[in-house]
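> coordinates only, sequence not included:
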């Protein structure tokens, strides 16, 4: 009887270790999947410009109340995605790409573009991209699906309305493959 | 019947132990070699980056999804004050220091659920562009559930922690985040 309880305990602990490993390994993709699904429900075809974060903002943990966030989804399983940034003036802005496992695999900010807007093409693995104009950056995505996140810093409360207008120039659109 | 009961009990126990330990580990334990401390602040050097390990990815997904990689931003979190005591929502704290070496920085308080603290005044954060400094460049920010006149970040009696964001951090900060000059956190009054 004692042996059976020992056996039971060992099997249960092994099972718990397996569940622990699976939860840690797959939690990022599951959580990201939920975020992408919620975003897709909202409107998957256009760039969404979120309101400034408050305590009522419950979609993404630890939002910054000093930033304006805009997002679009990418799914490069069929076509690359062309991302055109806005260029809000006199403040920090950036565009960051996130893979399905939450990795931030690309980021570009206003200092790097000298304040100019930028065009970036996100391509799937092994996907051919037709030659683009000068200055266009081509980035290979580590996963077919993911998120594009534009950040605009509210560096002056008096400029909130102006910055909100400027950031809305950001766009994402599917690019036809050659 | 006895076998079935043991099977169900074992599976339930395994699920409970596995999931709760995974959640606790991802949320609270910093045993990976990439976590560095700087006074009351800690940061994960691989947060958001493609080099992140599975525990870092899980922790970021739960407590800071969509973080930028270290070249763009460094995120420090303080769950304790400079004396090593856990931040208490019934106490007020004084954050004192000079501007960290970064293009822009902010200090934001978060509730235990990792969202902004509900406060009618929306005093969620203080930043490089909003903080009021004394003539010698030193700032004093107050963390308190009760309103302060300036440089006030509202906290929750239910508990909170504080995040320091450094956007475009200086090269020396990127090289050694544990040696960066960061503000101290001192407990003042508890109710």
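Perfect, I can see it now. Fair warning: this is a prediction, and the values are worked out from it, not measured in the lab.

> Show which residue of chain B lies farthest from the average position.
Using CA atoms, centre = their mean, the residue of chain B lying farthest from its centre is residue B:1. It sits 49.3 Å away.

> Give me the most central residue, chain A.
residue A:147 (2.9 Å).

> Also chain B?
residue B:77 (2.5 Å).

> Confirm that that one sits in a helix.
No. Residue B:77: not assigned to a helix; according to DSSP: H, G, I helix; E, B strand; the rest coil it is strand.

> Let me know the pLDDT of the closest residue to it other than its chain neighbours.
Excluding the flanking residues, the one nearest residue B:77 by CB to CB, 6 or more residues apart in numbering or on different chains is residue B:163, at 5.4 Å. For the C-beta atoms, the positions are set from N, CA and C on the backbone; glycine is no exception. On the pLDDT scale, residue B:163 is placed at 97.

> Please name the bridge partners of the closest residue to residue A:48 other than its chain neighbours.
Leaving aside its sequence neighbours, residue A:48 sits nearest to residue A:71 (CB to CB, 6+ apart; 5.3 Å). Beta-bridge partners for residue A:71, by DSSP bridges, are residue A:48, residue A:149.

> Residue 90 - how many residues pack around it?
In the absence of a named chain, this looks at chain A. 13 (other CB atoms under 10 Å in any protein chain shown).

> I was after chain B.
13.

> quick one, strands of chain A?
A:48-49, A:67-75, A:81-84, A:93-99, A:104-109, A:119-123, A:137-140, A:145-153, A:171-174 (DSSP state E).

> Mean pLDDT for the ones you listed - can I get that in a markdown table?
Output for the strands of chain A, formatted as a markdown table (pLDDT from 0 to 100):
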| stretch | mean pLDDT |
| --- | --- |
| strand A:48-49 | 92 |
| strand A:67-75 | 93 |
| strand A:81-84 | 94 |
| strand A:93-99 | 95 |
| strand A:104-109 | 95 |
| strand A:119-123 | 95 |
| strand A:137-140 | 94 |
| strand A:145-153 | 95 |
| strand A:171-174 | 91 |
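
> Would you format these as a markdown table with distance to residue A:57 included?
Formatted as a markdown table, the strands of chain A follow (distance: least, CB to CB, whole Å):
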| stretch | distance to residue A:57 |
| --- | --- |
| strand A:48-49 | 13 |
| strand A:67-75 | 9 |
| strand A:81-84 | 24 |
| strand A:93-99 | 18 |
| strand A:104-109 | 20 |
| strand A:119-123 | 26 |
| strand A:137-140 | 28 |
| strand A:145-153 | 14 |
| strand A:171-174 | 22 |
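
> Of those, which is nearest residue B:130?
strand A:145-153 (11.5 Å; CB to CB).

> can you map out the helices along chain A?
All helices of chain A, identified by DSSP state H, fall at A:2-43, A:160-167.

> Would you format the ones you listed as CSV with distance to chain B and mean pLDDT included?
Supplementary listing: these in CSV, determined by distance: least, CB to the nearest CB, whole Å; pLDDT from 0 to 100:
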stretch, distance to chain B, mean pLDDT
helix A:2-43, 3, 80
helix A:160-167, 12, 97
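
> now the ones you listed as JSON lines including distance to residue B:136?
Converted to JSON lines, the helices of chain A look like this (distance: least, CB to CB, whole Å):
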{"stretch": "helix A:2-43", "distance to residue B:136": "44"}
{"stretch": "helix A:160-167", "distance to residue B:136": "31"}
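
> now the strands for chain B?
B:35-38, B:41-44, B:73-78, B:91-97, B:102-111, B:125-127, B:139-144, B:152-154, B:160-169, B:184-190.

> Partner strands of the fourth one, with direction?
By that I understand strand B:91-97. strand B:139-144 (antiparallel), strand B:184-190 (antiparallel).

> neighbours of the residue nearest to residue A:48, just the number please.
The burial count for residue A:71: 22, using other CB under 10 Å.

> what's the answer for the one 4 residues further on, then?
Residue neighbour count, defined by other CB under 10 Å, stands at 18 for residue A:75.

> The lowest-mean-pLDDT helix or strand in chain B and chain A in contact?
The helix or strand with the lowest mean pLDDT-type score in chain B, counting by mean pLDDT, DSSP states H and E, is helix B:54-63 (a mean of 78). Yes. Using CB under 8 Å from any CB of the partner chain, helix B:54-63 reaches chain A at B:54, B:55, B:57, B:58, B:60, B:61, B:62, B:63.

> Most neighbours of all those, which one?
residue B:60 (27 neighbours).

> Check whether that residue really touches residue B:52, as I assumed.
Yes. Shown here, residue B:60 and residue B:52 form a contact pair, counting by CB atoms under 8 Å, at 6.9 Å.
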